[in-house]
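Trainee: Using only what follows, build the 3D model:
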Amino acid sequence: MIGISAQDVQLMGILSSIVLIVVLFIYRNLKADSFDAIGAKINGVNSQAISIVFLLLLAMSVSVAAQIVGSLLIFILLTLPASSAKYFTHTVFSMIMVGIAFSLTGVWLGLYLGYVTNWPVTFFIACIEALIYGIALLYNSIQNRS
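Mentor: Residues are numbered from 1 along each chain as shown. Predicted coordinates for the structure are as follows:
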């Protein structure tokens, strides 16, 4: 399976489940802390605890995924889909959903193109994510002119 062992897939599945459950549990506080730290603190959100939990989840995800796909691809998948999504959405929840959709689109198209052409999958994923980001910037530029 593309050089990834069954144990790696299991580990990523378990880690993904843990991250999803924890993020769903802390979503409101994370959202409040991310966009209005002072207001969140006034409302009783423990910003330090939320930040520590989020950074631990991020560190675990990156450390496991980097062993499988490499640090450059992790950087691309952490930054470009979210950066692209912000130009098409107006709420945090929709930005998360669109970011996930952009990530999955890049990964699945990259896997397909890598299989068909026998070129490195990471090349295609990086190019697709960069293309999506370029389209997002163009869309934003057009929206700002209107």
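
Trainee: Report the distance from the longest helix along the chain to the chain centre.
Mentor: Longest helix in the chain, counting residues (DSSP state H): helix 6-35. Put simply, helix 6-35 sits 11 Å off its chain's centre (C-alpha atoms, centre = their mean, to the nearest Å).

Trainee: could you say what helices and strands that helix packs with?
Mentor: helix 37-42, helix 47-69, helix 92-117 (3 or more C-beta pairs under 8 Å, 6 or more residues apart in numbering; DSSP states H and E). All C-beta spots, glycine's among them, are computed from the backbone N, C-alpha and C.

Trainee: and the longest one, what other elements does it pack with?
Mentor: This points to helix 92-117. Against helix 92-117 (3+ C-beta pairs under 8 Å, 6+ apart) you get helix 6-35, helix 71-85, helix 121-145.

Trainee: Return the distance of the shortest one from the chain's centre.
Mentor: This means helix 71-85. The answer for helix 71-85 is 6 Å, by C-alpha atoms, centre = their mean.

Trainee: Contacts for it next, please.
Mentor: Residues outside helix 71-85 that contact it (C-beta atoms under 8 Å, 6 or more residues apart in numbering): 62, 65-66, 95-96, 98-100, 102-103, 106-107, 122, 125-126, 129-130, 132-133, 135-136.

Trainee: dump the residue contacts of residue 68.
Mentor: Contacts of residue 68 (C-beta under 8 Å, 6+ apart): 4, 8, 12.

Trainee: Could you dump the residues you listed into JSON lines and include neighbour count?
Mentor: Below are the contacts of residue 68 laid out as JSON lines (neighbours: other C-beta atoms under 10 Å):
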{"residue": "4", "neighbour count": "11"}
{"residue": "8", "neighbour count": "16"}
{"residue": "12", "neighbour count": "17"}
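
Trainee: Single out whichever of the residues you listed has the smallest pLDDT.
Mentor: Note: of those, the lowest pLDDT belongs to residue 4, at 71.
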